[in-house]
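[1] What follows is a protein structure lacking sequence information:
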């Protein structure tokens with residue numbers, strides 16, 4: 001069993017007015033096979049947590065630790081984190097002009113595993129994953145995220161998740177901008193990846209609708225850079241009914 005631990009994490013970002021602290025002492029532990037939902041109002045630090053774990057250079061860790069099976073994640077480069085088994089599905093995936101989806105996926109798989117996948121098996125795996133996500137076969141020859149709709153971008157993120165087979169997936173507002181049909185398809189992809197490899201999931205969301213399809217084991221409420229409350233799936237139901245006002249007012 002693998003364990004991803006966030007201990008007393010403090011993170012700042014540079015602004016025109018100087019360094020601004022966003023995370024103010026976050027503690028979170030995710031084990032293989034667990035699904036953790038992180039919820040909270042806009043600006044509470046949810047995405048900062050995701051990008052800090054992944055190693056985005058915009059964010060500076062000023063205190064605390066991130067450990068993957070006891071290894072210090074903060075000493076790893078972004079690509080080392082990916083090879084160690086961390087995966088980030090971004091809220092706003094970037095375009096990569098001139099790079100086809102098929103080339104990108106095989107290059108990413110080679111970088112993560114250290115060797116190129118056997119072509120015949122790889123093509124079969126890609127086609128199967130695309131079929132499951134209801135992605136047209138011509139999609140693989142398009143440039144990465146260039147001209148993609150919001151739903152296509154999110155399906156491409158989950159396509160990567162299914163093919164790269166990480167140990168832990170951080171999903172940053174994967175549900176944003178999706179219609180009901182796309183939300184269901186994307187959620188089914190996450191559930192397949194979770195079931196196939198005992199994947200640990202950190203699901204960051206503002207709304208509860210995705211939790212109808214991806215059932216969390218634990219729910220964490222983020223407010224002002226800290227975890228304000230923790231609980232089981234019933235906490236998400238309460239948030240649906242009550243919102244975040246009582247945390248913000250407190």
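    On my side now, so go ahead. Remember, it's a predicted structure, so these values are computed and weren't measured experimentally.
[2] how distant is stretch 236-250 from the center of its chain?
    Chain-centre distance of stretch 236-250: 23 Å, with CA atoms, centre = their mean, to the nearest Å.
[3] Can you give me the buried ones in the lowest-mean-pLDDT helix or strand in the chain?
    Using mean pLDDT, DSSP states H and E, helix 245-249 stands out as the lowest-scoring helix or strand of the chain, at a mean of 76. Residues residue 247 are the ones in helix 245-249 that count as buried (16 or more other CB atoms under 10 Å). Yep, even glycine has a C-beta here, placed from its N, CA and C like the rest.
[4] Name the surrounding residues that touch it.
    40, 41, 221, 223, 228, 229 (CB atoms under 8 Å, 6 or more residues apart in numbering).
[5] and stretch 150-164, average pLDDT?
    Taken as a whole, stretch 150-164 has an average pLDDT of 94.
[6] sorry, that was for stretch 111-118
    pLDDT averaged over stretch 111-118 gives 93.
[7] residues making contact with that stretch?
    79, 82, 83, 106, 109, 110, 125, 164, 166.
[8] If we use 6 Å, what do you get?
    82, 83, 109, 110, 164 (CB atoms under 6 Å, 6 or more residues apart in numbering).
[9] ok, the closest residue in space to residue 224 that isn't next to it in sequence to residue 24 distance?
    Spatial nearest neighbour of residue 224, excluding adjacent residues (CB to CB, 6 or more residues apart in numbering): residue 44 at 6.3 Å. From residue 44 across to residue 24, the span is 11 Å (CB to CB, to the nearest Å).
[10] When these two are compared, which one has more neighbours?
    residue 44 (25 against 15; other CB atoms under 10 Å).
[11] So what would you say the end-to-end distance of stretch 230-247 is?
    12 Å (CA to CA, to the nearest Å).
[12] what about it, distance to the chain center?
    21 Å.
[13] Identify each buried residue in that stretch, please.
    Neighbour-count burial for stretch 230-247 [16+ other CB under 10 Å]: 235, 236, 239, 244, 247.
[14] by contact count, what packs against the lengthiest helix in the chain?
    Of all segments of type helix in the chain, defined using DSSP state H, the longest is helix 180-197. Applying 3 or more CB pairs under 6 Å, 6 or more residues apart in numbering; DSSP states H and E, we find helix 180-197 packed against helix 150-164.
[15] so what secondary structure elements neighbour the helix it packs on?
    By 3+ CB pairs under 6 Å, 6+ apart, helix 150-164 packs against helix 119-132, helix 180-197.
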